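Undergrad: sequence first, then the predicted structure, then my questions.
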Amino acid sequence: ESYIPDLNVTLTATPAVGSSFTGWSGGGCSGTGTCTVTMSEAQNVSAAFTLKEYTLTITSAFGTVTKNPSKVTYHEGDVVLLTAKPNAGYIFLKWTGGVTSAANPVSITIHGNTAITANYRKIITLTLRSVATADGWILEKTETAKIGGSMDATALTFRLGDDNLKKHYLGILSFGTGPG
């Protein structure tokens with residue numbers, strides 16, 4: 001632009017989201033405050049900016065979490081794919097903290113320091129036994145086996161009842177195996 005000779009021009013640096021202003025150079029300017037330049041001749045002034053660095057902290061008590069890309073720090077707008085792998089005897093339940101989702105893997109976008117927890121549920125296996133031939137069935141492997149089958153806690157509900165083959169239930173017990 002053209003300026004009137006000896007006019008004082010004040011420059012102010014405004015960083016974009018996720019950036020920091022680090023200082024001026026040229027035109028007699030320095031530091032990080034405003035810069036006033038006297039237009040006695042053409043001037044070259046530069047404003048320097050850097051990207052802010054953010055941490056991504058993962059807590060995972062009963063499994064491991066991989067980050068892709070895996071870095072020590074991230075910048076505003078970086079996208080990270082998180083994948084939870086439960087330890088033996090556990091299943092992945094959900095993410096909490098900086099993201100709330102049951103999806104695995106899950107994609108997040110960095111907008112500042114972020115803390116995320118991978119939550120797991122212990123797998124509980126139930127084995128049930130019949131005690132007499134006429135007591136009905138309890139997930140029996142066969143009608144006369146007197147040995148219950150098993151079901152793990154990845155199923156949310158299972159039922160105990162009588163007369164599996166005829167579907168004539170004299171009684172049913174149903175209960176949830178999920179949390180809460």
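TA: All right, it came through fine. Numbering: from 1, shown residues only.

Undergrad: please state the mean pLDDT value computed over the helix or strand where Lys94 lies.
TA: Assigned by DSSP states H and E, Lys94 belongs to strand 90-97. The average pLDDT within strand 90-97 is 96.

Undergrad: tell me where the chain has strands.
TA: 8-11, 19-25, 35-38, 46-51, 56-59, 63-68, 79-86, 90-97, 106-109, 114-122, 125-127, 150-152, 157-161, 172-176 (DSSP state E).

Undergrad: mean neighbour count and distance to Glu1 for the ones you listed - can I get that in CSV?
TA: No exception for glycine: its C-beta is placed from N, CA and C like everyone else's. Listed next are the strands of the chain as CSV, based on neighbours: other C-beta atoms under 10 Å; distance: least, C-beta to C-beta, whole Å:
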stretch, mean neighbour count, distance to Glu1
strand 8-11, 12, 9
strand 19-25, 15, 18
strand 35-38, 16, 12
strand 46-51, 14, 16
strand 56-59, 16, 43
strand 63-68, 14, 46
strand 79-86, 17, 39
strand 90-97, 17, 48
strand 106-109, 16, 37
strand 114-122, 18, 42
strand 125-127, 11, 76
strand 150-152, 14, 72
strand 157-161, 15, 73
strand 172-176, 9, 71
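
Undergrad: just send the ones you listed back as TSV, with distance to Ser2 too.
TA: Below are the strands of the chain laid out as TSV (distance: least, C-beta to C-beta, whole Å):
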stretch	distance to Ser2
strand 8-11	11
strand 19-25	22
strand 35-38	14
strand 46-51	20
strand 56-59	48
strand 63-68	51
strand 79-86	44
strand 90-97	54
strand 106-109	43
strand 114-122	47
strand 125-127	82
strand 150-152	78
strand 157-161	78
strand 172-176	77
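
Undergrad: other SSEs contacting the strand holding Lys94?
TA: Contact partners of strand 90-97 among helices and strands, from 3 or more C-beta pairs under 8 Å, 6 or more residues apart in numbering; DSSP states H and E: strand 79-86, strand 114-122.

Undergrad: angle of the first one against strand 63-68?
TA: In this case it means strand 79-86. Strand 79-86 and strand 63-68 are oriented at 160 degrees to each other (axes from the mean of the first three to the mean of the last three C-alpha atoms, to 10 degrees).

Undergrad: could you do the last one as well?
TA: Orientation of strand 114-122 against strand 63-68 (the same axes, to 10 degrees) gives an angle of 140 degrees.

Undergrad: can you tell me the strand partners of strand 114-122 and which way each runs?
TA: strand 56-59 (parallel), strand 90-97 (antiparallel) (DSSP bridges).

Undergrad: quick one, which of these gets closest to Asn104.
TA: Closest of the strands paired with strand 114-122 to Asn104 is strand 90-97, at 5.0 Å (criterion: C-beta to C-beta).
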